[in-house]
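J.: Build me a model from this:
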Amino acid sequence: MQTPPLQVETKLTASPADFSGEGHWIDALSDGTRVLIRPIRAGDRQLERDFIMGLSPESRRYRFLGDFKQPSETLLDQLLDSEDPQKVAFVALIHDDGHLREIGVSRFAAEPDGRRCECAIAVADDWNHRGLGVTLMKHLISVARDKGFAQLFSIDSAGNLPMRDLAKYLGFTHHPVPDDAAMVRYTLDL
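T.: This next block holds a predicted model:
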């Protein structure tokens with residue numbers, strides 16, 4: 001049985017190509033829930049730490065291709081680097097019991113050739129199957145196009161079925177990683 005395409009309503013409050021940290025979107029997910037999506041900020045350290053710690057061990061392993069009990073300060077520094085113009089990261093936020101909560105993140109970093117960028121995405125386990133991953137990736141794809149990149153790619157575990165489904169839905173192709181049958185490379189020409 002084929003799943004019908006997700007309908008995602010987007011309200012843009014900044015130009016996709018200009019994300020210096022001030023723009024944001026309010027998006028309605030497939031169930032009608034509205035989420036705030038904005039560029040990640042250096043001050044999001046605790047939100048990012050809580051988000052990573054809230055992922056199931058399987059989701060954390062798929063996102064980081066390894067296991068750890070908690071993110072190191074070095075990892076958080078890398079994830080929160082919003083000063084590098086060759087990196088873009090968006091967080092999805094909601095209000096949960098009066099507190100701001102990160103429920104998803106998408107990001108890319110340009111390769112040295114300046115034509116391709118590697119992307120990654122993670123969605124909180126309790127927010128899967130609502131269209132959040134699609135929404136985050138559509139914003140990332142749009143900004144990558146606007147910045148003139150020719151290709152997005154991601155290297156993931158071949159066992160990561162949610163990523164396979166998301167990549168297929170968004171039009172990514174996939175190929176095994178040479179010399180590592182446990183890994184798959186997803187590619188989207190922009």
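J.: what about G23, which SS state?
T.: Three-state call for G23 (DSSP: H, G, I helix; E, B strand; the rest coil): coil.
J.: any idea which strand is longest in this protein?
T.: Selection of the longest strand in the chain by residue count, based on DSSP state E, yields strand 99-110.
J.: Show me what the helix or strand just after that one is packed against.
T.: Downstream of strand 99-110, the first helix or strand assigned by DSSP states H and E is strand 116-123. Judged by 3 or more CB pairs under 8 Å, 6 or more residues apart in numbering; DSSP states H and E, the packing partners of strand 116-123 are helix 57-64, strand 99-110, helix 132-146, strand 151-157. For the C-beta atoms, the positions are set from N, CA and C on the backbone; glycine is no exception.
J.: by how many degrees do strand 116-123 and strand 99-110 diverge?
T.: 160 degrees (axes from the mean of the first three to the mean of the last three CA atoms, to 10 degrees).
J.: Pairing partners for strand 116-123, with directions?
T.: Using DSSP bridges, strand 116-123 pairs in its sheet with strand 99-110 (antiparallel), strand 151-157 (parallel).
J.: export these to TSV and tack on distance to V134, mean pLDDT and mean neighbour count?
T.: Converted to TSV, the strands paired with strand 116-123 look like this (distance: least, CB to CB, whole Å; pLDDT from 0 to 100; neighbours: other CB atoms under 10 Å):
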stretch	distance to V134	mean pLDDT	mean neighbour count
strand 99-110	10	95	20
strand 151-157	14	96	18
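J.: could these be laid out in a markdown table, adding distance to V177?
T.: Formatted as a markdown table, these follow (distance: least, CB to CB, whole Å):
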| stretch | distance to V177 |
| --- | --- |
| strand 99-110 | 18 |
| strand 151-157 | 6 |
